[in-house]
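Asks: Structure for this input, please:
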Amino acid sequence: MPIQKPSWHSLLTKINVLLQCHFSRKRLTPELESDTHVIVGQAVRLCQAMVDVISSSSWLSPALAVMELSQMVTQAVWNDDSPLRQIPHFNSTLIDRCKEMNITTIFHIIEMDDSDRSKILPKDNKHLQDIVRFCNRYPDIEVEMNVSTKESNPGDTVTVSVELKRELEGDDPLTGVIAPFFPKEKSEEWWLLVGDPKNNTLLCIKRINVDREKSIEMEFTAPEEPGEYHLKMYVMCDSYSGCDQEFDINLTVQDNMQQ
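Replies: Okay, here's the model as predicted:
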């Protein structure tokens, strides 16, 4: 991504370039590699702080953009890369081979028959173990949502109840994120948010951990203007791309003057 009118003596320019090298997985000198590790290690915390600041202004699309940036930083990918690029040992040749077989998501890899999977995956046992470990850890979360009302008065409180259930292999608890290019141990977190895409308004947000099951209640204030609102609830991961979900919430705000 070109930098407009860069100042090559600026620390901000260096950080920008090194982050882009990180997303592109470019080889760097040991000194620059060390600098990149410092920058990347701090970037996720900065993303969380940015989401907090943006949320206080009720901006929806910038909040979603920073959440995607957190995924990019953790997995060393661009936001338009194939989700398969996160899987260890998946290079461009292997990803292109998957695309030819209409395999475009990590869930497609998980759901494949063993015979078909063996045709595309590396034969090296160590590589296979890394791939299986990543796929078993990759978030497979079932979300159920219930909204307290479909009709409300202006300014009423609307409650969204959310049930999250995660598929995990065995009885072991969830451990850290698998991210070979991230320089630190990292826990996996999620953002739940309700927003109005048409008006670019964030109505409520929570950051949570999801082990096997989680129950959450979120509340937001119905808009003051009467009308039909097509809202969305977003379930956004801070560590992996391709596993985010969104759900429609249709809300009618009644005109009290006509009641």
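Asks: in the chain, which ranges drop under the pLDDT threshold?
Replies: Scanning the chain for pLDDT under 70 picks out 1-4, 6, 170-173, 256-259.
Asks: all helices of the stretch 51-200 of the chain, in order?
Replies: 60-75, 92-100, 106-111, 114-120, 125-137 (DSSP state H, counting those that start in this stretch).
Asks: so which of the ones you listed comes closest to residue 201?
Replies: helix 60-75 (5.8 Å; CB to CB). Using the backbone N, CA and C atoms, a C-beta is placed for each residue, glycine as well.
Asks: now for that closest one, which elements pack on it?
Replies: Helices and strands touching helix 60-75, by 3 or more CB pairs under 8 Å, 6 or more residues apart in numbering; DSSP states H and E, are helix 11-24, helix 30-56, strand 190-196, strand 201-208, strand 227-237.
Asks: Highest mean neighbour count out of the ones you listed?
Replies: Stretch with highest mean neighbour count among these: strand 190-196 (a mean of 23; mean count of other CB atoms under 10 Å).
Asks: Just checking: what are the partner strands of it?
Replies: Paired strands of strand 190-196, with direction, are strand 201-208 (antiparallel), strand 227-237 (antiparallel) (DSSP bridges).
Asks: okay if I get those strands as CSV plus distance to residue 69?
Replies: Below are these laid out as CSV (distance: least, CB to CB, whole Å):
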stretch, distance to residue 69
strand 201-208, 15
strand 227-237, 11
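Asks: Would you tell me which of those gets closest to residue 45?
Replies: strand 201-208 (12.5 Å).
Asks: and the helix or strand that the closest one is followed by, which residues are buried?
Replies: Once the chain leaves strand 201-208, the next helix or strand it forms, by DSSP states H and E, is strand 213-221. Using 16 or more other CB atoms under 10 Å as the test for burial, strand 213-221 gives 214, 218, 220.
Asks: again, but for stretch 105-118
Replies: Buried residues in stretch 105-118, counted by 16+ other CB under 10 Å: 106, 109, 112, 117.
Asks: how close does residue 213 sit to residue 73?
Replies: Here the distance between residue 213 and residue 73 works out to 28 Å (CB to CB, to the nearest Å).
Asks: repeat for residue 234
Replies: Counting by CB to CB, the gap from residue 234 to residue 73 is 19 Å.
Asks: which outside residues touch stretch 14-23?
Replies: If you take CB atoms under 8 Å, 6 or more residues apart in numbering as the criterion, stretch 14-23 is touched by 1, 3, 6, 28, 32, 35-36, 39-40, 43, 72-73, 76-78, 181.
Asks: what's around residue 176, how many residues?
Replies: 13 (other CB atoms under 10 Å).
Asks: and the spatially closest residue to residue 135 that is not a sequence neighbour, what does it touch?
Replies: Sequence neighbours aside, residue 110 is the residue nearest to residue 135 in space, at 5.2 Å (criterion: CB to CB, 6 or more residues apart in numbering). Taking CB under 8 Å, 6+ apart as the criterion, residue 110 is in contact with 135, 138, 140.
Asks: what's the closest non-adjacent residue to the second one?
Replies: When the adjacent residues along the chain are set aside, residue 138 lies closest to residue 106, with 5.1 Å between them (CB to CB, 6+ apart).
Asks: Pretty sure the one you found sits against residue 242.
Replies: Yes: assessed by CB atoms under 8 Å, residue 106 is found in contact with residue 242 at 6.1 Å.
Asks: What residues does the nearest residue to residue 85 once chain neighbours are set aside make contact with?
Replies: Once flanking residues are discounted, residue 85 sits nearest to residue 77: 5.2 Å by CB to CB, 6+ apart. Going by CB under 8 Å, 6+ apart, residue 77 touches 23, 71, 85-86, 241.
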